[in-house]
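S.K.: this is a predicted model, with the sequence first.
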Amino acid sequence: MTPDEIQTLFTRNDGTYAFARWGRPIAPIVFGVEDETLSLVKGAVEAVATLAGHPMAETDPELGSNLMFFFFREWDELLAVPDLDRLVPDLSPLVARLKQADATQYRAFRFDDHHAIQAAFVFIRVTDQVSDIPADSLALSQVVQVMLMWGDQAFATVSPLAVLPETGATVLRPEIAGVIAAAYDRMMPVCADDASHALRMFARLQGDAGT
């Protein structure tokens, strides 16, 4: 990827650059699915965390679980989840906006004092359209999108996933996998608001390509 392409991945709609990665081990939990889908989601988290070289944990000392996936039929169901309004500020107006937009997904983040990702919440409204997406593809796509704080339009036109023509298997696009791995390089910062960060990411991708 070029530096400009990397910069675009972390640019907000207002033109500002905003990057963050997880600063603590990831402890996932999944609500609203059967055991088979549960294992697919957790397997996707493990796969992407392994790619990034980032640790996972059974529990988070503050939240118990710090990466929460919610699958449901209607947005209003979130208002009945105990204490969710304490984890996601302004939950009621958020639900109202998502209903009005007829949204099928939403991701919310919390950050620690170092501006690293502290927790993430993934909300998936299971419509007929969503049900048509293979569960493994849906899980991998959602995990990729919470492994880093991406820009608003990062995957608006191109999915982070690709299908192997030989086997039909769904995989993470190599260039996106490279960006995630570079982002979690131990010499890289946990957050950045300057576009020069994209140049540092590019340099690490070039270094990996040369090894």
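M.R.: Great, that's in hand. Numbering: from 1, shown residues only.
S.K.: mind naming the longest helix for the protein?
M.R.: If each helix of the chain is counted by residues according to DSSP state H, the longest one is helix 35-52.
S.K.: between helix 35-52 and the helix or strand that comes right after that helix, find me the angle.
M.R.: Using DSSP states H and E, the helix or strand that follows helix 35-52 towards the C-terminus is strand 67-72. Taking axes from the mean of the first three to the mean of the last three Cα atoms, to 10 degrees, strand 67-72 and helix 35-52 form an angle of 150 degrees between their directions.
S.K.: neighbouring strands - and their directions - for strand 67-72?
M.R.: Taking DSSP bridges as the criterion, strand 67-72 sits next to strand 28-31 (parallel), strand 117-125 (parallel) in its sheet.
S.K.: mean pLDDT added to those, as a markdown table?
M.R.: Converted to a markdown table, the strands paired with strand 67-72 look like this (pLDDT from 0 to 100):
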| stretch | mean pLDDT |
| --- | --- |
| strand 28-31 | 94 |
| strand 117-125 | 96 |
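S.K.: name the stretch among those strands that sits most buried.
M.R.: Most buried of those, by mean neighbour count (mean count of other Cβ atoms under 10 Å): strand 117-125, with a mean of 22. The C-beta positions use only the backbone N, C-alpha and C, and glycine is treated the same way.
S.K.: got the CA positions of it in PDB?
M.R.: Written as PDB, here are the backbone C-alpha positions of strand 117-125 (Å, rounded to 0.1, in the frame of the first residue of the first chain):
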ATOM      1  CA  ILE A 117      -8.400   1.200  23.000                       C
ATOM      2  CA  GLN A 118      -9.700   0.100  26.400                       C
ATOM      3  CA  ALA A 119     -13.000  -1.600  25.300                       C
ATOM      4  CA  ALA A 120     -15.100  -2.000  22.200                       C
ATOM      5  CA  PHE A 121     -18.700  -2.900  21.600                       C
ATOM      6  CA  VAL A 122     -20.000  -4.400  18.400                       C
ATOM      7  CA  PHE A 123     -23.700  -4.300  17.700                       C
ATOM      8  CA  ILE A 124     -25.100  -6.400  14.800                       C
ATOM      9  CA  ARG A 125     -28.800  -6.200  13.900                       C
END
